[in-house]
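Asker: take a look and give me a structure for this.
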Amino acid sequence: MAISSEDLPRHLSSGLKPLYVVFGDALLLAIEAADSIRAAARAAGYTERETFIAEQHFKWGELRNSAQSLSLFSTRKVIDLRIPSGKPGVEGGKALQDYCANLSEDTLTLISLPKLDWTVQKSQWFGALEQHGVMVSADDIPRSALPRWIAERLKRQGQSTDEATLEFLTDRCEGNLLAAFQEIQKLALLFPAGQLSFEQVKDAVMDVARYDIFKLSEAMLNGNAARFARILDGLRAEGTATVLVLWAISEDIRTLGKVLQAAQRGGNLGNAMRDIRVRRDKQGLIESAARRLKFPHIERAIQKAARLDKTIKGLRRGDVWDELLQLGLRFSKA
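Answerer: Predicted coordinates for the structure are as follows:
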């Protein structure tokens, strides 16, 4: 069974399963999910708990031994296994498969993993976890869903605000979910329950956004000029190397060009993306941009990127950051 961290409370209210696996790159959501599972287990009478951290030289036999033994004062226990690297190795993978085949109703096992790439998710040990456990994904909240997430968190503390203020909060906290959570908690301390005004939020909230080159590329493909400019300014302020910024943008421009060329030859966008092996998490962005833009537009963008590469290497004069901005704005929605 696979559920999101947001669906976990509803799932737990209907009863506990012997095995839970929490994985994803959103640290806040992963922590909250694991805490919720442990709290539900305590309420259900799982009074004993053992924690294992599977790092280098971890003895996997300890996991099996723990599952087979209960203390004199407990009839139910929680085994809390954390695999920080997300890669248990050959021995660990085999141990996890054997463990899943012999789950006990008196033991609730919670396994915590980081974000996993598709190769790990195709492994036999991960397949065994999927077959026997509840997989709780704690993935980062995408920009488009962040205003709704913030609104829900405000609602939990009896507060609300308008859409414009939610967008303002989103801009200030994008890419930093833990900081967003802290800013929301701050609002609960500063103001009573009820409607929050824009001025109240603006004066209270810091700019704690984290910017990365992949979100910059996402904004470009979406044609969101304001977001692109804001993230680019953030990257510049953080001292990000311009060669990395250009690389991220150029990769997606070239991919988009290949998709458009394939579509021009009579293929549909879905088949073109599959043939080019566009990453699954990028397909929606690439398809949306491909429906909005024409190949000559992409061709000119590639030419500008080539000139910009020369500027970065000192072979041509120009303001690199300004030219990066102009390159991204070529993809703005009319």
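Asker: pretty sure Val78 belongs to a strand, no?
Answerer: Yes. Applying DSSP: H, G, I helix; E, B strand; the rest coil, one finds Val78 inside a strand.
Asker: hey, what's it bridged with?
Answerer: Arg49, Leu108 (DSSP bridges).
Asker: who are the contact partners of it?
Answerer: 38, 41, 46, 48-50, 107-110 (Cβ atoms under 8 Å, 6 or more residues apart in numbering). All C-beta spots, glycine's among them, are computed from the backbone N, C-alpha and C.
Asker: please report how far it lies from Pro88.
Answerer: Using Cβ to Cβ, to the nearest Å, Val78 is found at 20 Å from Pro88.
Asker: how about Leu308?
Answerer: 44 Å.
Asker: for the residue nearest to Arg307 when sequence neighbours are not counted, grab phi and psi.
Answerer: Ranked by Cβ to Cβ, 6 or more residues apart in numbering and with sequence neighbours excluded, the top spatial neighbour of Arg307 is Arg316, at 6.5 Å. The phi/psi pair for Arg316 (degrees, to the nearest 10) reads phi -150, psi 140.
Asker: hang on, Arg316 packs against Lys310?
Answerer: Yes. In this structure Arg316 lies within contact range of Lys310 using Cβ atoms under 8 Å: 4.1 Å.
Asker: can you give me the helices in the stretch 151-300 of the chain?
Answerer: Along the stretch 151-300 of the chain, counting by DSSP state H, counting those that start in this stretch, helices occupy 163-173, 177-190, 198-204, 213-222, 225-237, 242-264, 269-276, 280-292, 295-312.
Asker: does Arg64 really touch Ala95, like I thought?
Answerer: Yes. Using Cβ under 8 Å, Arg64 makes contact with Ala95 at a distance of 7.0 Å.
Asker: more crowded one of the two?
Answerer: Ala95 (21 against 14; other Cβ atoms under 10 Å).
Asker: for the more buried one, what are its contacts?
Answerer: Neighbouring residues of Ala95 by Cβ under 8 Å, 6+ apart: 60-61, 63-64, 88.
Asker: just the buried residues from those residues, in ChimeraX please.
Answerer: Typed into ChimeraX, the line below selects the buried ones among these, using 16 or more other Cβ atoms under 10 Å:
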select :60,63,88
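Asker: which of the contacts of Ala95 fall in helices?
Answerer: 61, 63-64 (DSSP state H).
Asker: export those as JSON lines, with columns for pLDDT.
Answerer: Below are those laid out as JSON lines (pLDDT from 0 to 100):
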{"residue": "Gly61", "pLDDT": "88"}
{"residue": "Leu63", "pLDDT": "87"}
{"residue": "Arg64", "pLDDT": "84"}
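Asker: and of these, the nearest to Ala301?
Answerer: Relative to Ala301, the closest of the ones in helices among the contacts of Ala95 is Leu63; by Cβ to Cβ it sits at 52.6 Å.
Asker: my read: the closest one touches Ile79, true?
Answerer: Yes. Between Leu63 and Ile79 there is a contact under Cβ under 8 Å: 7.1 Å.
Asker: hang on, the earlier thing: I'd like the ones in helices among the contacts of Ala95 laid out as JSON lines, including distance to Asn102.
Answerer: JSON lines is the format used below for the ones in helices among the contacts of Ala95 (distance: Cβ to Cβ, whole Å):
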{"residue": "Gly61", "distance to Asn102": "14"}
{"residue": "Leu63", "distance to Asn102": "11"}
{"residue": "Arg64", "distance to Asn102": "8"}
